[in-house]
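**Q** kindly return the folded structure for what I paste below:
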Amino acid sequence: MQESLQVYEDKMNKTLKALENEFMTIRAGRANPHVLDKIRVDYYGTPTPIQQVGNVSIPEARMIVIQPWEKSLLKAIEKAILTSELGINPTNDGNVIRLVFPELTEERRKDLVKDVKKKGEAAKIAIRNIRRDANDAFKKQLKAEEISEDEQAEAEDQIQKLTDKMIDKVEKSVEEKSKDLLTV
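**A** Here you go, the predicted model:
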């Protein structure tokens, strides 16, 4: 039974990790190379992450510089950034591409916080769905007489404690990201 609990704990941890990765792509007014994670460049017909076709650096707090390994990729990188949901116009000087992040307005910060809270809520729902799946599995085991009623009650109690712990982690993560976004 302990190994089946471990499976559900792993699923909940993956949900939490996915949420934290999602938060990394939300920009907080400072340049963060993770905002480029989802952008793919057409590299000889293959969609390739920007980090794999050039050097990404942050020379200033609100600027990202992308220096492609091949000059022929400048236009493709520029196009990929323009078609992404990043909302920043790249400047291409023939050698590198610069992304200058404007200071976030108060309204934009509040919108981003709402977005963070929505993503946090979705993660909580996913965790509760995992709990429901676990409880259903324990009920099936009880029906098939693989476990006793006491074992089922204990398993459901443990999965509830795990769910509460994971939801607390999600709430802390949402709180930290919201605080980060609202800090000017």
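**Q** from Glu22, how far out is Ala126?
**A** 12 Å (C-beta to C-beta, to the nearest Å). To be clear about C-beta, it is placed using only N, CA and C from the backbone, and glycine gets the same treatment.
**Q** apologies, that question was intended for Leu86.
**A** 15 Å.
**Q** and Ala61, what is it in contact with?
**A** Listed by C-beta atoms under 8 Å, 6 or more residues apart in numbering, the contact set of Ala61 reads 30-31.
**Q** quick one: the helix or strand harbouring Asp168 to chain centroid distance?
**A** Using DSSP states H and E, Asp168 falls within helix 149-182. Distance, stretch centre to chain centre, for helix 149-182: 18 Å (C-alpha atoms, centre = their mean, to the nearest Å).
**Q** for stretch 140-157, same thing?
**A** 35 Å.
**Q** distance between the ends of it?
**A** Stretch 140-157 has an end-to-end distance of 16 Å (criterion: C-alpha to C-alpha, to the nearest Å).
**Q** buried residues in that stretch?
**A** When burial is assessed from 16 or more other C-beta atoms under 10 Å, stretch 140-157 yields the following buried residues: 141-142, 147, 152, 155.
**Q** quick one: contacts for the spatially most central residue of the chain?
**A** The centroid of the chain falls nearest to Glu22 when counting by C-alpha atoms, centre = their mean (1.5 Å). By C-beta under 8 Å, 6+ apart, the contact set of Glu22 is Lys119.
**Q** I appreciate the help and will end here.
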